[in-house]
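*Asks:* give me coordinates for this.
(one chain, ligands or ions: 1)
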Amino acid sequence: MHKKIKLALLASGKGSNVRAIVEAAKDPQFPAYPGVIICDQKSAPVLAFAKEKEIPYVFLPGQHFATKLEYDQMLLTLLKQYQIDLIILAGFMRILSPLLIEIFPKRILNIHPSLLPKYPGLNAVGKALQAKDKESGCTVHYVDSGVDTGPVLEQVHVPILKEDTLETLHARIQVQEHLLYPKVIRKICEKLLAMPETKSKSMG
Ligand code: GRF
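*Replies:* Residues are numbered from 1 along each chain as shown. Sure, this is the predicted structure:
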C-alpha cells in the first residue's frame, strides 16, 4: 500500500477516541494517518495531546463566528487546506451543516455511546440507565444532516450491570469504542484506497 488516507480528527473534550485512533495508526499497515486535530474548546485535553504528540492541530472556537454557517465555512477551508480525505468526529460537540455533508459524502464518521437508533443526541448513556435497559453499547455511523441519524456501520453491545452508574457504564462503553472506532476506520479506509479515483488522486 503506497498511499494512506489523511484523517481530520474533530473533538471537543477528553479525546480518548482520538488517542485510540492515533495509537492504531502507528501500525505501518494501518491505511490512514492523523492529518490534523481540530478542537473547539480551549481547555480540552485533546489539544494538549495534539501538542504533546506533535500532531498538527487547530483550535477553532465557536465564539469567533457570528453564525454556524460561517464556522463551517472556516472548517471547510481548513479541511481543504490540509487536504483531508476522511473526517472523524470523536466527541465533537457541534452539529455539522449540510454544506460539509454535501461536500464530503460518505466521508464523515461519528461514534455515539448507544445502540443507535436508540438514544441519539445528548446523555445517551444516562437515558439507557433511566430506561432500565439491559444493554447499551456504541455505534459508528456515517454522518448525515440529522443528529446521530446516518447509516450505521458497526455496533458493539455492552451489558448494563445492576450496580452501574453513569461513570462505570460510560467507562465500559468507552473500552469498546476504543476498539471499534479504529477497526471501522481501517475497513473504510481500505475500501477508499481500493476505489479507482482514490488511487489516482487525493480527495478532499
Ligand atoms: C464518546 O463517548 C463518544 O461516543 C461521544 O463522545 C464521547 C467522546 O469521548 N460521541 P472522548 O472525548 O473520545 O473520550
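*Asks:* drop to CA atoms for contacts and neighbour counts, all remaining ones
*Replies:* Noted.
*Asks:* I'd like to know how many residues surround Glu52.
*Replies:* Using other C-alpha atoms under 10 Å, Glu52 is surrounded by 9 other residues.
*Asks:* who touches the residue nearest the centre of the chain in this structure?
*Replies:* Per C-alpha atoms, centre = their mean, the C-alpha nearest to the average position across the chain is that of Leu89, at 2.4 Å. By C-alpha atoms under 8 Å, 6 or more residues apart in numbering, the contact set of Leu89 is 9-11, 108-111.
*Asks:* farthest pair within those?
*Replies:* Greatest spatial distance in the contacts of Leu89: Ala11 and Ile108, 13.2 Å, computed using C-alpha to C-alpha.
*Asks:* which of the two has more neighbours?
*Replies:* Neighbours per residue (other C-alpha under 10 Å) separate Ala11 from Ile108, with Ala11 holding more: 26 against 21.
*Asks:* correct me if wrong: that one contacts Val36.
*Replies:* No - Ala11 is beyond contact range of Val36, at 11.0 Å (criterion: C-alpha atoms under 8 Å).
*Asks:* give me every residue in this structure lying close to the ligand.
*Replies:* Contact residues, the chain versus the ligand (C-alpha under 6 Å from any ligand atom): 13-18, 90-91, 111-113, 174.
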